[in-house]
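**Student:** Here is my input, please return the structure:
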Amino acid sequence: MNTPKPTSLEAKLQQYSSPVEMLRNAPTGGYQFPDKPEYTNWRDEQEAWQNSVVFFDQSFHMKDVYFEGPDVMRLLSDVAVNTFKNFGPNKAKQIVTCNHEGFVIGDAILFGHAENKVSVVGRPSVPNWIEYNAIVGNYDVKVTRDERTVNNVGGRMIYRYQIQGPNALDLIKSVHEGEFPEIKFFNLGDLQIAGCKVRALNHNMSRMGGLELHGPAADGVAVRDALLKAGVKFGLVQGGSRSYSTVSPESGWIPSPMPAIFSEKLKAYREWLPTDGFEANASLGGSFSSTKIEDYYQTPWDLGYGRHVKFDHDFIGREALEKLADQPHRRKVWLRWNNDDVLKINASQLNDGDRFKYMEMPNAYYSTLPFDSILSDGKVVGLSTYTVYTANVRGWFSLAMVDENVADGSAVSVVWGEENGSPRRPCVESHIQTEVRATVSYNRLNEDS
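**Tutor:** Below you'll find the model as predicted:
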């Protein structure tokens, strides 16, 4: 007798003993960016955002959901930890949402397009959560989805290009038709390129200058061609998916916290989420192992988002966050991995016998939600996530969340590889665990360690 296929995330979850078991058994690897892997080579592409200018085509991997109507601002205020006193048309904001217990569901970029019209752009966790609340809360809001390419059967509504690096603004100014507008940080402005109106967001994805450009999909080729043609004299390099996967760790952004959606209170939400969606197919990997899904959750402070939490409005999770505000928190840091220990891991691939978990270059994360244990004196003091190599750092590093008493410059170790008996997903080969020495850096990558 054939078992009926589940029709929702909740139905799928019921086939497992726990959320951890479902996520640990998911066959998917790291988050995929459906673009060409390399246009030149990922080393030059990485160095371009620091030394010249890089062009990333972001038209494929992010979900855009538009919300329009008289209740838009009330909806946003009800679901986000952020204040909206400083938000409106032509403004942008990193929006953070939490569950009722104060744990992060996700973060995304919020665009203010017009009065009572916004879009939420990013990995699907936040757009989905806001859309669900718009529906069940009976807000007077129209919702329009522009799904990421892997879930889109009709084609994207817009293109989105990221132009970053010390030469980025000079390049964009050279193709803009007319007087170049001043666009303040996290504000939107209008440009004219190749006869097309282009919307520009000022934000520093790679800690270098530049703009994110978007407009109707039909204009995408003309705008891209104008930028690429003019970019030759500015040293422009197109970046592919391999180099793009390393931007967020180098810039200090943790792109996928564990969506905190597995409580009994959010059962109806899981019944609304589909089985082919992000949340139902994300994979959990790494050396940190717990049977409790809550041990994989983060608060806003753990992710460096404490500054976004404003108690000037009522929102989902406010009461819990008020209680957590004065409690100890983990802190987001970089970990610079020891070169000799990385070489030891690579050397194990060349010999007979036991081998350590393979480190793919330039990114070594092999699950959607990677969590490795960080040890100090044999005790777990944090979680490491998103391990990468970049030519700018000339070494391996990861983003991490560590206990408050772990000082800047501290020597710790990362447990690399999965424990014996953990589910073996197709992308995870047989291996043994090892420890990698690492140095904690609070404010920047320590390139001398």
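
**Student:** SS state for residue 181?
**Tutor:** coil (DSSP: H, G, I helix; E, B strand; the rest coil).

**Student:** can you tell me which residues contact it?
**Tutor:** 189-191 (Cβ atoms under 8 Å, 6 or more residues apart in numbering). Any C-beta I mention is one placed from the backbone N, CA and C, and that applies to glycine too.

**Student:** how about 6 Å then?
**Tutor:** residue 189 (Cβ atoms under 6 Å, 6 or more residues apart in numbering).

**Student:** show me where pLDDT drops low in the stretch 101-250 of the chain?
**Tutor:** The model of the stretch 101-250 of the chain has pLDDT under 70 over residues 148-154, 204-208.

**Student:** now the helices for it?
**Tutor:** 125-136, 168-175, 220-231, 241-244, 247-251 (DSSP state H, counting those that start in this stretch).

**Student:** Most tightly packed of those helices?
**Tutor:** helix 241-244 (a mean of 24; mean count of other Cβ atoms under 10 Å).

**Student:** from the chain's centre, how far out does that helix sit?
**Tutor:** Centroid separation for helix 241-244 versus its chain: 13 Å, with Cα atoms, centre = their mean, to the nearest Å.

**Student:** Need the contact partners of that helix.
**Tutor:** Residues contacting helix 241-244 (Cβ under 6 Å, 6+ apart): 33, 35, 37-38, 42, 45-46, 56.

**Student:** and if we set it to 7 Å?
**Tutor:** 33, 35-38, 42, 45-46, 56, 362 (Cβ atoms under 7 Å, 6 or more residues apart in numbering).

**Student:** coming back round to it: wait, which of the helices of the stretch 101-250 of the chain is closest to residue 105?
**Tutor:** helix 125-136 (5.2 Å; Cβ to Cβ).

**Student:** Tell me which residues touch residue 361, please.
**Tutor:** residue 389.

**Student:** try 10 Å
**Tutor:** Contact analysis of residue 361 by Cβ atoms under 10 Å, 6 or more residues apart in numbering lists 42-43, 242, 246, 346, 388-390, 396.

**Student:** Also residue 57?
**Tutor:** Applying Cβ under 10 Å, 6+ apart, the residues near residue 57 are 33, 35-36, 39, 159-162, 220, 224, 238-241, 244.

**Student:** Centre of the chain to stretch 340-357, how far?
**Tutor:** 29 Å.

**Student:** tell me the mean pLDDT for it?
**Tutor:** Averaged over stretch 340-357, pLDDT sits at 95.

**Student:** Can you list the buried residues in that stretch?
**Tutor:** 341-342, 345, 348, 355-357 (16 or more other Cβ atoms under 10 Å).

**Student:** if we can go back for a sec, min pLDDT across the contacts of helix 241-244, which one?
**Tutor:** residue 33 (80).

**Student:** Just give the nearest non-adjacent residue to it, would you?
**Tutor:** Nearest residue to residue 33 in three dimensions, chain neighbours excluded: residue 241, at 3.9 Å (Cβ to Cβ, 6 or more residues apart in numbering).

**Student:** before we move on, back to that, buried subset of the contacts of residue 57?
**Tutor:** 33, 35, 39, 159-162, 220, 224, 238-241, 244.

**Student:** Residue 99: what's it in contact with?
**Tutor:** Neighbouring residues of residue 99 by Cβ under 10 Å, 6+ apart: 105, 129, 259-263, 265-266, 269, 297, 316-317, 320.

**Student:** Strands - which of the residues you listed land there?
**Tutor:** residue 105 (DSSP state E).

**Student:** Just send the contacts of residue 99 back as TSV, with distance to residue 409 too.
**Tutor:** Formatted as TSV, these follow (distance: Cβ to Cβ, whole Å):
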residue	distance to residue 409
105	33
129	38
259	33
260	31
261	36
262	36
263	38
265	41
266	40
269	42
297	28
316	38
317	34
320	33
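
**Student:** Please tell me which one of the contacts of residue 361 counts the most neighbours.
**Tutor:** residue 246 (26 neighbours; other Cβ atoms under 10 Å).

**Student:** got the helices of the stretch 101-250 of the chain as TSV, with distance to residue 50 columns?
**Tutor:** Shown next, in TSV, are these (distance: least, Cβ to Cβ, whole Å):
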stretch	distance to residue 50
helix 125-136	29
helix 168-175	11
helix 220-231	16
helix 241-244	12
helix 247-251	9
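
**Student:** With residue 95 as the reference, name the closest of those helices.
**Tutor:** helix 125-136 (6.4 Å).

**Student:** What is the end-to-end distance of stretch 268-287?
**Tutor:** End-to-end distance of stretch 268-287 (Cα to Cα, to the nearest Å): 31 Å.

**Student:** Likewise for stretch 353-360?
**Tutor:** End to end - Cα to Cα - stretch 353-360 spans 20 Å.

**Student:** outside of it, which residues touch it?
**Tutor:** Under Cβ under 10 Å, 6+ apart, the answer for stretch 353-360 is 29-30, 242, 245, 285-287, 337, 341-342, 344-349, 364-366, 372, 387-389, 396, 416-418, 427-434, 436.

**Student:** repeat that with 8 Å
**Tutor:** 342, 344-346, 348-349, 364, 366, 387, 389, 396, 416-418, 428-434.

**Student:** same question, stretch 15-32
**Tutor:** Against stretch 15-32 from outside (Cβ under 8 Å, 6+ apart): 6, 12-13, 61, 123, 150, 241, 245, 255-256, 262, 281-285, 290-293, 296, 363, 365-370, 422-423, 425-427.

**Student:** Now restrict those residues to buried residues only.
**Tutor:** 12-13, 61, 123, 241, 245, 255-256, 262, 281-285, 293, 296, 363, 365-370, 422, 425.

**Student:** What about those residues, which are in strands?
**Tutor:** 284-285, 369-370.

**Student:** what residue ranges in the stretch 301-449 of the chain score low on pLDDT?
**Tutor:** 421, 444-449.

**Student:** Show the residue spans covered by the strands in it.
**Tutor:** Under the criterion DSSP state E, counting those that start in this stretch, strands of the stretch 301-449 of the chain are mapped to 331-337, 369-370, 372-376, 379-390, 395-402, 411-416, 434-441.

**Student:** Export those to JSON lines and append columns for distance to residue 177.
**Tutor:** Output for these, formatted as JSON lines (distance: least, Cβ to Cβ, whole Å):
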{"stretch": "strand 331-337", "distance to residue 177": "41"}
{"stretch": "strand 369-370", "distance to residue 177": "44"}
{"stretch": "strand 372-376", "distance to residue 177": "49"}
{"stretch": "strand 379-390", "distance to residue 177": "35"}
{"stretch": "strand 395-402", "distance to residue 177": "40"}
{"stretch": "strand 411-416", "distance to residue 177": "50"}
{"stretch": "strand 434-441", "distance to residue 177": "43"}
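
**Student:** Residue 140: which of these is closest?
**Tutor:** Between the strands of the stretch 301-449 of the chain, strand 369-370 lies closest to residue 140; by Cβ to Cβ that is 35.1 Å.
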